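Student: This is the structure alone, sequence omitted:
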């Protein structure tokens, strides 16, 4: 595995591997502090690609004022060991100065998809994501780029961008990965106290219970599903809900409050963001509600 | 010369020419109704590139409400003849439906450079330009893209975008081309009545006179130069000034009103937009003011 820190080194290393005719190039953009979610992206990339590039970069322009850019967990040595053991060919780990030699004047804005869910609580966040991902895509020129559905809105926004701008890359959404007790893997889980960590299980449980209730017909509409989710989360005294929403996916359009969810077109997403102390966690589930046999 | 109307045909034709190993690919994006200015871009492209792609597309999203999108002059047959005679290899001439199968939700915004000159009178114009040029660049994947300095602000904005986003293309600015009497070539000149056409000569004359006055020391500061330009243009009763500005180039930063222009760092641009009836014309001159020997 090659570790490169400048765009020039990156292009050089890539040129070398490309000249060996190893097949498609896959990009796995991350902010580091890697966990099994990232490992699953590498695994997926290696299924499709002959050359796998992982980037590790905590992107300042996707953090708002007062967010955790400074304190975001970093562990380069552990990250490089994990990337190597999971078969990355190149790890690109630039300094902020290398990515932004001057403050960027250019931003990519995707309207509509970015004003809800995390976009509503984190104004400008997705402009920072689309901009840095475009930079990484232009640097690597990958055939495929792999993103986890933990950040489902990010996947929707990036897919829209790639389509709108005719970018020469395929966005590959990969499943959200959970701990065995249900907690969605996140680099930010390290912020949680033991008690917060225990109570944070209400997030995945609320989504599981809502899905089950939809599928066995106890819950019919989006507003009922939302009520159930909120009531489960409220069992945790430490949980402070930022949002809990049910939308179409990947269009992220609202679903009429009184429409049976089984009649919604295509997939739906139940997504939430909840604070435990100073830690903001997100979780979601994307699925197609099925008609309940007993009710037909 | 190959004429293609879909992105798929474009990629296919390009793939064929690329496989012949003809060398770098040049892109000449235009809105058609071609004139010698466009011809000079083709000429320049052929000096550097083995494959030259001209695009002809009147881009709806760079026109504001009440602007001339509908009436913008079009003449496909003449354009294709000119492109062929000047050696274009591929002309890409898509319908709006091909470029925007759905309305784009993604826009590229370059801040700072776009809020002055034409950006101030045409809000959103440059977002439309950066977005369509990025789409064309992604479709063609050229090594070089050629733009005329008639639209000097466009060149500055696109160069900034390419740098900020690490795009794999070099923007090549090409000289503004004038009629023998000084009028800057523009597809929009066809809108002018004979009398407007005659009076429109004040534009290039005002810039020439201001430059001469700076170079022989009669005019020292930006505000004096601006006054001279405005007074020359005002000799035309039909001229209605939108803006006349003197800025650094390509940063487009204001120049202190009392600073001798010869002390300004690097190049300056004197740029103007003036209406004659319903026609809005632009013109500019980019140069480095030289110290006047007699004053040293």
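Tutor: Perfect, I can see it now. Remember, predicted model here, so these are calculated numbers, not experimental data.
Student: use CA for all of it now, contacts and neighbours both
Tutor: Will do.
Student: excluding its backbone neighbours, what's nearest residue A:147?
Tutor: residue A:173 (5.2 Å; Cα to Cα, 6 or more residues apart in numbering or on different chains).
Student: Need the three-state assignment for that neighbour.
Tutor: strand (DSSP: H, G, I helix; E, B strand; the rest coil).
Student: partner residues bridging the residue nearest to residue A:191 when sequence neighbours are not counted?
Tutor: Excluding the flanking residues, the one nearest residue A:191 by Cα to Cα, 6+ apart is residue A:279, at 6.4 Å. Beta-bridge partners for residue A:279, by DSSP bridges, are residue A:276.
Student: give me every residue that touches the residue nearest to residue A:147.
Tutor: Contact analysis of residue A:173 by Cα atoms under 8 Å, 6 or more residues apart in numbering or on different chains lists A:146-149, A:155.
Student: any idea of the pLDDT on it?
Tutor: Note on residue A:173: pLDDT of 98.
Student: swap in residue A:292?
Tutor: Residue A:292 is given a pLDDT of 64.
Student: Give me the helices and strands touching the helix or strand residue A:152 falls within, please.
Tutor: According to DSSP states H and E, residue A:152 maps onto helix A:152-164. Counting contacts by 3 or more Cα pairs under 8 Å, 6 or more residues apart in numbering or on different chains; DSSP states H and E, helix A:152-164 packs against strand A:106-110, helix A:125-140, strand A:170-174, strand B:106-110.
Student: now residue A:56: how far from residue A:126?
Tutor: Relative to residue A:126, residue A:56 is positioned 18 Å away (Cα to Cα, to the nearest Å).
Student: Quick check: residues of chain A near chain B?
Tutor: Taking Cα under 8 Å from any Cα of the partner chain as the test, the list of chain A residues beside chain B reads A:100, A:104-112, A:131-132, A:134-135, A:138-139, A:160-161, A:164-168.
Student: try 6 Å
Tutor: Neighbours of chain B within chain A, by Cα under 6 Å from any Cα of the partner chain: A:104-111, A:135, A:138, A:161, A:164-167.
Student: ok, how many other residues are close to the residue of the stretch 151-296 of chain A found nearest chain B?
Tutor: Nearest to chain B in the stretch 151-296 of chain A, going by Cα to the nearest Cα, is residue A:165, at a distance of 4.9 Å. Residue A:165 has 24 neighbours, counted by other Cα atoms under 10 Å in any protein chain shown.
Student: pretty sure it is touching residue B:136, no?
Tutor: No - applying Cα atoms under 6 Å, one finds residue A:165 not in contact with residue B:136, separated by 8.6 Å.
Student: what about residue A:219, is that helix, strand or coil?
Tutor: Going by three-state DSSP: residue A:219 is coil.
Student: hang on, isn't it packed against residue A:213?
Tutor: Yes - contact criterion Cα under 6 Å: residue A:219 and residue A:213 qualify, at 5.2 Å.
Student: The two: which is more packed in?
Tutor: For residue A:219 versus residue A:213, neighbours defined as other Cα under 10 Å are more numerous around residue A:219 (20 against 16).
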